[in-house]
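K.L.:
Model the following, please.
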Amino acid sequence: MKNISRILVPILAALLLATATPALAQSVQCLNQAQIQQAIGSGQILALPTIYAQNNLQPNQVVGAVQVCNRNGQWYYVLQVLKGSRADPVWISAQTGQ
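P.N.:
Predicted structure coming up:
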């Protein structure tokens, strides 16, 4: 049973992300990977390891693709964070880490 949970949790999280992404893309502007790297390099946003450290997150707690999206003029990392057996979307300021 434990092995099944290890397999199902990432699959369910990926499905959740896949179904949430189209709605997310319609309501906010998200950067592609090259744009994210450019924004990090220019100091416009914080690097992902900094975001993890400031929020006491481990990479294995985040499932699916990491996005950087603009909402109301502010850039946010949009992460699917595992909480127990489910992944919840978490928006963290890409500029302040909060």
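K.L.:
so where's the chain uncertain?
P.N.:
1-27 (pLDDT under 70).
K.L.:
So the spatially most central residue of it: helix, strand or coil?
P.N.:
Taking Cα atoms, centre = their mean, the centroid of the chain lies closest to residue 79, which sits 1.9 Å from it. Taken by DSSP: H, G, I helix; E, B strand; the rest coil, the conformation at residue 79 corresponds to strand.
K.L.:
which parts of stretch 67-75 are buried?
P.N.:
67-69, 75 (16 or more other Cβ atoms under 10 Å). All C-beta spots, glycine's among them, are computed from the backbone N, C-alpha and C.
K.L.:
Let me fix that, I meant to ask about stretch 78-85.
P.N.:
78-82.
K.L.:
now residue 62, which residues is it bridged with?
P.N.:
With DSSP bridges applied, residue 62 shows beta-bridge pairing to residue 81.
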